[in-house]
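[1] sequence first, predicted coordinates after that:
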Amino acid sequence: MPKIPIIYLENINEYVLNQGHGVKGLADMGIKSLPRQYIHPQEERFNTISDDGGEDRSIPIIDMSNDDDHAMETLICNAAEKWGFFQLINHGVPLKVLEDVKAATYRFFELSAQEKSMYLKENSPSSCVRYGTSFVPEAEMALEWKDYPSLFFVSDEETLSRWPLACRAEALEYMKSSENVIRNLVKILMKGLNIHDIDEKKESLLMGTKRINLNYYPKCPNPELTVGVGRHSDVSTLTVLLQDDVGGLYVRGLDAGAESWIHVPPIKGALVINIGDALQILSNGKYKSVEHRVTANGRNNRVSIPIFVNPRPNDIIAPLQEMMDGGEKPKYREVLYSDYVKYFFKKAHDGKATIEFAKISN
Ligand SMILES: COc1cc(/C=C/C(=O)SCCNC(=O)CCNC(=O)[C@H](O)C(C)(C)COP(=O)(O)OP(=O)(O)OC[C@H]2O[C@@H](n3cnc4c(N)ncnc43)[C@H](O)[C@@H]2OP(=O)(O)O)ccc1O
Ligand SMILES: O=C(O)CCC(=O)C(=O)O
Ligand SMILES: [Fe+2]
């Protein structure tokens, strides 16, 4: 019989957040029911009967080895406009790199709470490395069933000296191996806006910084009462997401059934791509940053690894001049990107509300 440490549930914040045990600590303890701090209101819980639009609806799956470049580019731009999400297969990132970064995620989470707590915001040796749980615990009415280290890429030197040893090499390799596909996607998406020349300034605006999160969703005692990640859109330009074979990511349908949620089925070796708020703003709303969420799972642990491709903190984001040249009116005002991200990080997940920060009201 495993020894179960007794903690007073009122002290969960201390145990999970401050001591660095995370929700994994609760799951490892073998708790049989969900602490009240994780119970979400009925309307945010996942109801498989009414929420899943059915197995016949799927986000596009795009084969990057398609010989017909024009057809492939059209599929990508259409997916960015109509779905905001798509899966890429044959993208050129080796399967081994993907498997290695998933294994490294597990390795990080096998560290003791004391070792992981070295990377909590208060203790971290670098502002580029932050280990956390939920999203913004101090602003949330109900916590999310997820732990993660978030690693901001500044330089090889910073990475090699500051990122946690348990996952550093694999996370960096995944980021570097994805560089080609990211660059290619950015080029294709700009072509779809009739922008054919990506100079240094534009490249920096579109993909000047990268952040990688190693998300860990432990097996949950009452998955029906909580969420892995609540409804949100990413604040990135675009996000490249690796998920394992467990499943649980759902995307808001933009078509007639806007109330419906579409499951993103795991495909071995595939990368899930989604448009973030920054690109919705830069494209003046042509490309869509779509709401998504993740369920908790009662049977399995799950990992997912997003690379957030972003502008630089000091960049001003606003609809690109090329979007306005035909007389289109800007739908978004000029915003300092770090202000936008700080606004995102100040509140709990709230669907598509962040973009209101930049919207021009008519
Ligand atoms: C879905 O669940 C998530 C998602 C995420 C991340 C999602 C993304 O889309 S990440 C893309 C974010 N963009 C960038 O990283 C771009 C470049 N970086 C910046 O613009 C800046 O570094 C900054 C992120 C704005 C931080 O600015 P800085 O001037 O250094 O100020 P800080 O004091 O460090 O932070 C401001 C404020 O934000 C909070 N915060 C910062 N980074 C994170 C983080 N990685 N995770 C959580 N919260 C963060 C920070 O706590 C500050 O708030 P205070 O109240 O302490 O002032 C991530 C996690 C998920 O669960
Ligand atoms: O775990 C997933 O599948 C998605 C996670 C996510 O949406 C995020 O980290 O922004
Ligand atoms: Fe996300």
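    Cool, the structure landed. Model, not experiment: these values are computed from the prediction. Numbers count the residues shown, from 1 in each chain. Ligands and ions are numbered 1, 2, ... in the order given.
[2] for residue 245, what are its contacts?
    266, 268 (CB atoms under 8 Å, 6 or more residues apart in numbering). The way it works is simple: take the backbone N, C-alpha and C, and place the C-beta from them, glycine included.
[3] what separates it from ligand 1, distance-wise?
    21 Å (CB to the nearest ligand atom, to the nearest Å).
[4] remind me which helix or strand that residue belongs to.
    In the assignment (DSSP states H and E), residue 245 maps to no helix and no strand.
[5] Provide the backbone phi and psi angles at it.
    Per-residue torsions, residue 245: phi -90, psi 10 (degrees, to the nearest 10).
[6] against residue 98, how distant is it?
    According to CB to CB, to the nearest Å, residue 245 and residue 98 sit 12 Å apart.
[7] ok, which stretches of the stretch 251-362 of the chain are strands?
    Secondary structure of the stretch 251-362 of the chain (DSSP state E, counting those that start in this stretch): strands at 261-263, 271-275, 292-294, 302-310, 316-317, 335-336.
[8] what residues sit buried inside the helix or strand harbouring residue 26?
    Taking DSSP H and E as the criterion, residue 26 maps to helix 22-29. The neighbour-count check on helix 22-29 (16 or more other CB atoms under 10 Å) flags 22-29 as buried.
[9] check stretch 168-188 too.
    So, applying 16+ other CB under 10 Å, buried residues of stretch 168-188: 168, 170-175, 177-178, 181-182, 184-188.
[10] same question, stretch 133-148
    Under the neighbour-count criterion of 16+ other CB under 10 Å, stretch 133-148 has 133-135, 140, 142-148 buried.
[11] point me to the residue of the stretch 51-200 of the chain nearest ligand 1.
    residue 150 (3.7 Å; CB to the nearest ligand atom).
[12] can you name the residues that contact that residue?
    By CB under 8 Å, 6+ apart, residue 150 lies in contact with 129-132, 211-213.
[13] one more pass at 6 Å, please.
    130, 213 (CB atoms under 6 Å, 6 or more residues apart in numbering).
[14] that one and residue 119: what is the separation?
    From residue 150 to residue 119 the distance is 9 Å (CB to CB).
[15] what do you get for residue 312?
    23 Å.
[16] returning to that earlier point: hey, C-alpha coordinates of the helix holding residue 26 in PDB?
    Provided in PDB are the C-alpha atoms of helix 22-29 (Å, rounded to 0.1, in the frame of the first residue of the first chain):
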ATOM      1  CA  GLY A  22       2.300  20.900  -8.900                       C
ATOM      2  CA  VAL A  23      -0.900  19.000  -9.700                       C
ATOM      3  CA  LYS A  24       1.500  16.000 -10.400                       C
ATOM      4  CA  GLY A  25       2.200  16.000  -6.700                       C
ATOM      5  CA  LEU A  26      -1.500  15.600  -6.000                       C
ATOM      6  CA  ALA A  27      -1.900  12.900  -8.600                       C
ATOM      7  CA  ASP A  28       1.100  11.000  -7.400                       C
ATOM      8  CA  MET A  29      -0.300  11.100  -3.900                       C
END
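[17] counting contacts, what elements does it pack onto?
    On a contact count with 3 or more CB pairs under 6 Å, 6 or more residues apart in numbering; DSSP states H and E, helix 22-29 meets strand 147-153.
[18] any idea of the mean pLDDT in the strand it packs on?
    On average, the pLDDT along strand 147-153 is 97.
[19] and stretch 209-223, by the same measure?
    Mean pLDDT, stretch 209-223: 97.
[20] please see if it touches ligand 2.
    Yes. Contact of stretch 209-223 with ligand 2 (CB under 6 Å from any ligand atom) involves 213, 215.
[21] how about stretch 90-103?
    No. Figure legend: stretch 90-103 not in contact with ligand 2 (CB under 6 Å from any ligand atom); closest approach 12.2 Å.
[22] pull out the buried residues from that stretch.
    Buried-residue list, stretch 90-103, by 16+ other CB under 10 Å: 91, 93, 97-98, 100-102.
[23] now tabulate those in JSON lines and tack on secondary structure and pLDDT.
    Below are the buried residues of stretch 90-103 laid out as JSON lines (DSSP: H, G, I helix; E, B strand; the rest coil; pLDDT from 0 to 100):
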{"residue": "91", "secondary structure": "coil", "pLDDT": "98"}
{"residue": "93", "secondary structure": "coil", "pLDDT": "98"}
{"residue": "97", "secondary structure": "helix", "pLDDT": "98"}
{"residue": "98", "secondary structure": "helix", "pLDDT": "98"}
{"residue": "100", "secondary structure": "helix", "pLDDT": "98"}
{"residue": "101", "secondary structure": "helix", "pLDDT": "98"}
{"residue": "102", "secondary structure": "helix", "pLDDT": "98"}
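[24] among these, which ones lie close to ligand 1?
    Filtered for proximity to ligand 1 (CB under 6 Å from any ligand atom), the buried residues of stretch 90-103 leave an empty set.
[25] in TSV, list the residues you listed along with distance to residue 292.
    Formatted as TSV, the buried residues of stretch 90-103 follow (distance: CB to CB, whole Å):
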residue	distance to residue 292
91	20
93	21
97	24
98	20
100	25
101	21
102	20
